[in-house]
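>>> any chance you can model this:
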Amino acid sequence: MDLTNVQHSPIIEEIVDVLCNKTQNTDRGFYRVEVAYFLGKMAACMRACVKTKDRGKIPVNIYALALASSGYGKGHSVSILEQEFIKGFRNRFLNETMPEIARQHLDQIAQDNALRKGTSEQVERDALEGEYKRLGAYPFTFDSGTTPAVKQLREKLILAASGSINLQIDEIGSNLIGNVDILNVFLELYDQGIVKQKLTKNTVDNARSEDRDGKTPTNLLLFGTPVKLFDGSSTEDQFYSFLEIGYARRCIFGVGKAEKKAFKTKTPKEIFDCLIDPGNEAIIRKWNQRFTQLADIARFNWAMDISDETSIKLIEYRAECEKLAEELPEHEEIKKAELSHRYFKALKLASALAFIDNSLEVTMTHLLQAIKLVEESGKAFSTILTREKAYMKLAKYIAYAGTEVTHADLTEALPFYKSTQAYRNEMMSLAIAWGYKQHIIIKKNLNDGIEFFSGSVLKQTNLNEMILSYSDETNFPNKPSDAFAFGYQNEKAPWSQLDKLVLTPGIHWCNHWFDGGHRCLEATQKKFNFIVIDVDHGIKIESVHKLLDEYKFITYTTKRHQTQGEDRFRLLIPLSYELDLTNDEYKEFMNNILAWLPFESDEGANQANKKWLSNPGGIFTSHDGKLLDPLTFIPLTSKNDQYKKDFQKVENLDNLERWFAGLMVNGNRNNLMIRYAFVLCDNGMKFDEIEDRIKRFNKQLSNPLPNDEIDNTILVTVAKRCYR
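Model (predicted):
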């Protein structure tokens, strides 16, 4: 249904304007739902109804759930509505309208009872008066209760033939569990205001009251903060249970976020002027008077018609919603229920708008205005269903805790974190797995049998901000060797300009920053976003380029390049994330990297304060590709634990064999075996030795290639390469 040109009800919008001004909040969704509830509350008190041709009379009442973050102005806005907008209606209804209607209704019942029983009308009237008083005072609004109390209140309202049952629960997250029983009763009361009586034992002291037929419209407002409601524990479970068994189809939903934009864009004086704007008070007076007039006894039992055209439009809307509900998968039962019953919520809201408008008909305009708000309610409901799961909250809590936490800390801080070992393990595994996708890394450390967890949110590497430091020998003319340890400047440099660093004479550089410019372990800062590998024997630089072809990297040859015929060079590889590791963690991290690489390299690269020397005569190569994902190599993580277990299976292989063994798990084994042989060939190995290495390597694979395939295809291809 196209609602592009449909505007919200001017009644609601005018009141919301005041609420936004008074709370200095520019987000209107929460307030629209709140105002809709109070309009329905007044209509229900006056027993307004809509006369439909297909379903008969339907009472006007509203159920609303409005959630907003702390500081939104929930309590303040409700107070404004109750104390300034509808106070006149409340006072007139309680002091004039309800007592008069109740008097007339009790007189009528007394007359009927006297005729039926053959007794005195005054006797019957006195008995009814006594019963009416024993049922207690009428609470216009209450915030908690019991099932017997609600049913007792219904008895009073049936005798009074006016009023409605109005439950408003603030901080629903904290109060939901305590009101489970009464909320179950409200499920039954929504449609027609009817609930079945409980059979109680009749005694002298507790006489069972007469079961009177009647309808008592019911209104419900639940509001509070999402954090308390979605606690990942029993409260959240109970809330979603309520949605499933009926509240999804009954409630109009609003979800707001505090948008205090006024405090960013206005001066304190401008804000003060807005708060005391006479226009606010004028609107409040206007609607307070209008609402007070609604409590006139002449408006009681206000019955509104609905035209065939409007009824057909409502059916059209229902059909659209039903179609969309059918397209949803079967497991989304709550969504289906909410979507397929939007039409009924729209009808009740449209009737409330018509009552406030003093209209004897629910017009097309009223219906479209109601549908627009109900559609916004549907979007708000979707955000409720896509709330954070408990394991997501766990991952975020560990990431932002700022210190190591234990199971005891988590149990105390997070209500959903239960004490059973199986639950903890499952929850932590889910948190770690989800965290990886959200750039959250969680580490686990065992100390004296106690598990400690720490986490951090990984920052993706910006290739224009590579972390490095350098010291220039020319700044130490009397003692250039001081550049080895002092005078290091912390910089962020573009990856594309690192040639200026590594090819400039006399530059000593590192991939870490240092406090005070002193290059030592104690002064080493923990952040880094690229690694440096030093290769001085065993493999040609061209072979490294081929093996790492899928990755982004830089190589430059050192001053000792080609000494004794060996390629000597440095390899710089950018990481996909900026890491934050202690010196010990960095050492273990680099050891994991060195073991993973398909060639041997200098173990000294595992020192966080390791420095490297530039080479103005070096051969510089920059290769484009993907950034290296470091997550597997970070110590104390589950991914690294799994990596180490897998490494144990191939630790008897050398670096190059481990590299290709890993690739062969998912790749074309024949083609990869040929590539392995080519690397050996390119590094000067003779054919006979290559043949021996291939066959020995093949036997060590978990799924080796057939010998015939080795002899007739792989070795034949390699021989052509070696003897060409």
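
>>> now stretch 109-120: average pLDDT?
Model confidence over stretch 109-120 averages 89 on the pLDDT scale.

>>> ditto for stretch 633-646
In this model, stretch 633-646 has an average pLDDT of 87.

>>> list of residues touching that stretch?
If you take CB atoms under 8 Å, 6 or more residues apart in numbering as the criterion, stretch 633-646 is touched by 429, 432, 436, 441-445, 579, 581, 585, 588-589, 592-593, 596, 631-632. The way it works is simple: take the backbone N, C-alpha and C, and place the C-beta from them, glycine included.

>>> of those residues, buried ones?
In the contacts of stretch 633-646, burial by neighbour count holds for 432, 436, 441-444, 579, 581, 585, 588-589, 592-593, 596, 631-632, counting by 16 or more other CB atoms under 10 Å.

>>> before we move on, back to that, restricted to helices, list the contacts of stretch 633-646.
Among these, the subset assigned to helices under DSSP state H consists of 429, 432, 436, 585, 588-589, 592-593, 596.

>>> please identify the helix or strand for residue 39.
Secondary structure assigned from DSSP states H and E places residue 39 in helix 29-45.

>>> following that helix, which helix or strand comes up?
Read in the C-terminal direction, the helix or strand following helix 29-45 is strand 49-52, with elements assigned using DSSP H and E.

>>> what number of residues lie near residue 153?
Burial of residue 153, expressed as a neighbour count using other CB atoms under 10 Å, amounts to 19.

>>> hmm, who's touching whichever strand or helix holds it?
Here residue 153 is covered by helix 147-160, with elements defined by DSSP H and E. Where contact means CB under 8 Å, 6+ apart, the residues beyond helix 147-160 that reach it are 98, 101-102, 105-106, 109, 128, 131-132, 135-136, 138-139, 163-165, 181-182, 184-186, 189, 195, 197-198, 209, 212-214, 216.

>>> what about 7 Å?
Contacts with helix 147-160, where a contact means CB atoms under 7 Å, 6 or more residues apart in numbering, come from 98, 101-102, 105-106, 128, 132, 135-136, 138, 163, 165, 181-182, 185, 195, 197, 209, 212, 214, 216.

>>> Throw together a PyMOL command that grabs the buried residues out of the residues you listed.
Those of those that count as buried under 16+ other CB under 10 Å are selected in PyMOL with:
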select buried, resi 98+101+102+105+106+128+132+135+138+163+165+182+185+195+216
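
>>> and residue 161, how far is that from residue 569?
With the distance defined as CB to CB, to the nearest Å, residue 161 ends up 95 Å from residue 569.

>>> so what's residue 605 up against?
Each residue near residue 605 by CB under 7 Å, 6+ apart is listed here: 532-534, 590, 594.

>>> could I get the ones in helices among the contacts of stretch 633-646 as a markdown table with distance to residue 606 and pLDDT?
As requested, those are arranged in a markdown table below (distance: CB to CB, whole Å; pLDDT from 0 to 100):
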| residue | distance to residue 606 | pLDDT |
| --- | --- | --- |
| 429 | 29 | 89 |
| 432 | 25 | 88 |
| 436 | 24 | 83 |
| 585 | 11 | 94 |
| 588 | 8 | 95 |
| 589 | 8 | 96 |
| 592 | 9 | 94 |
| 593 | 8 | 95 |
| 596 | 13 | 93 |
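
>>> and the two most separated of those residues?
When CB to CB is used, the two most widely separated members of the ones in helices among the contacts of stretch 633-646 are 429 and 593, lying 25.3 Å apart.

>>> can you give me how far the helix or strand harbouring residue 412 is from the chain middle?
Using DSSP H and E, residue 412 sits within helix 407-413. On the basis of CA atoms, centre = their mean, to the nearest Å, helix 407-413 sits 22 Å off its chain's mean C-alpha point.

>>> list the buried residues in it.
In terms of neighbour count (16+ other CB under 10 Å), helix 407-413 has its buried residues at 407, 409-410.

>>> name the nearest residue to residue 617, ignoring sequence neighbours.
Leaving aside its chain neighbours, residue 617 sits nearest to residue 559 (7.4 Å; criterion: CB to CB, 6 or more residues apart in numbering).

>>> for the longest helix seen in the chain, what is the average pLDDT?
In the chain, with assignment by DSSP H, the single longest helix is helix 364-385. When pLDDT is averaged along helix 364-385, the result is 95.

>>> for it, list every residue counted as buried.
365-378, 380-381, 384.

>>> residue 37: neighbouring residues, count only.
When neighbours are counted by other CB under 10 Å, residue 37 registers 29.

>>> re earlier: ok so the residue nearest to residue 617 is a strand residue?
No: looking at residue 559 with DSSP: H, G, I helix; E, B strand; the rest coil, it is coil, so not inside a strand.

>>> doesn't residue 616 make contact with it?
No: because the distance of 9.3 Å does not satisfy CB atoms under 7 Å, residue 559 is recorded as not touching residue 616.

>>> any idea which helix or strand comes after the lowest-mean-pLDDT helix or strand in the chain?
Counting by mean pLDDT, DSSP states H and E, the chain has its least confident helix or strand at helix 262-265, which shows a mean of 62. Past helix 262-265, further along toward the C-terminus, the next helix or strand under DSSP H and E is helix 268-275.

>>> after that next one, which helix or strand is next?
As assigned by DSSP H and E, the chain's next helix or strand after helix 268-275 is helix 278-294.

>>> can you name the residues in contact with the next helix or strand after that next one?
Per DSSP H and E, helix 278-294 leads on to strand 303-306 as the next helix or strand towards the C-terminus. With contact meaning CB under 7 Å, 6+ apart, strand 303-306 is reached by 49-52, 351, 354-355, 359-362.

>>> so how far is residue 565 from the residue of the chain most remote from its centre?
Note on the chain: the largest separation between a C-alpha and the mean C-alpha position, by CA atoms, centre = their mean, falls on residue 118 (67.6 Å). Counting by CB to CB, the gap between residue 118 and residue 565 amounts to 127 Å.

>>> over to residue 661?
Between residue 661 and residue 565 the computed distance is 29 Å (CB to CB).

>>> more crowded one of these two?
Under the criterion of other CB under 10 Å, the comparison of residue 661 against residue 565 puts residue 661 first, with 18 against 7.

>>> what helix or strand is that one on?
Secondary structure from DSSP H and E places residue 661 in helix 655-664.

>>> which residues touch the spatially most central residue of the chain?
In the chain, the C-alpha nearest the mean C-alpha coordinate belongs to residue 388, at 3.9 Å (CA atoms, centre = their mean). Residues near residue 388 by CB under 7 Å, 6+ apart: residue 230.

>>> confirm it sits in a strand?
No: assessed with three-state DSSP, residue 388 is coil; it does not lie in a strand.

>>> do you know the pLDDT at it?
Among the per-residue scores, residue 388 shows a pLDDT of 80.

>>> and what of residue 405?
Residue-level pLDDT assigned to residue 405 equals 93.

>>> oh, and call the first residue 2 from now on, that's how I've got it
With the count now opening at 2, the last piece we talked about shows up as residue 406.

>>> tell me what it is bridged to.
Applying DSSP bridges to residue 406 yields these beta-bridge partners: residue 454.

>>> my read: it touches residue 452, true?
No: taking contact to mean CB under 7 Å, the distance of 9.6 Å between residue 406 and residue 452 leaves them out of contact.
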